[in-house]
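**Student:** Sequence and predicted structure below; questions after.
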Amino acid sequence: MTHLDELQVITLVNGDERYVFLYHDEHRCQLLRTFGRFAADPELSFTWYDAAMLAHKVRVRAEATT
């Protein structure tokens, strides 16, 4: 198993809500789109700021592994 096969986890705690995202590096673009869909959903407390912060963390983590 290479590091690209490892399951990645990123979380966000927003008050009483918890957002936990599991992904593989090869699906990083899909994860970033998911952040956008969540931020656009008015029924969720997930904001565009949350999406931007998590996207930044995902990109930094990806750069650290390459």
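**Tutor:** That came in fine, so what should we check first?
**Student:** going forward, measure contacts and count neighbours with C-alpha atoms only.
**Tutor:** Fine.
**Student:** In this structure residue 32 contacts residue 57, no?
**Tutor:** No: with contacts counted by C-alpha atoms under 8 Å, residue 32 stays clear of residue 57, the gap being 10.8 Å.
**Student:** When these two are compared, which one has more neighbours?
**Tutor:** residue 32 (17 against 13; other C-alpha atoms under 10 Å).
**Student:** Doesn't the more buried one lie inside a helix?
**Tutor:** Yes: under DSSP: H, G, I helix; E, B strand; the rest coil, residue 32 sits within a helix.
**Student:** Show the contacting residues for it.
**Tutor:** Under the criterion of C-alpha atoms under 8 Å, 6 or more residues apart in numbering, the neighbours of residue 32 are 51, 55.
**Student:** quick one, helices of this structure?
**Tutor:** With DSSP state H as the definition, the chain shows helices at residue ranges 28-40, 48-65.
**Student:** can you put those helices in JSON lines and add distance to residue 17?
**Tutor:** Compiled in JSON lines, the helices of the chain are given as follows (distance: least, C-alpha to C-alpha, whole Å):
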{"stretch": "helix 28-40", "distance to residue 17": "13"}
{"stretch": "helix 48-65", "distance to residue 17": "13"}
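**Student:** among these, which is nearest residue 12?
**Tutor:** Within the helices of the chain, the stretch nearest residue 12 is helix 48-65; the backing value is 7.9 Å (C-alpha to C-alpha).
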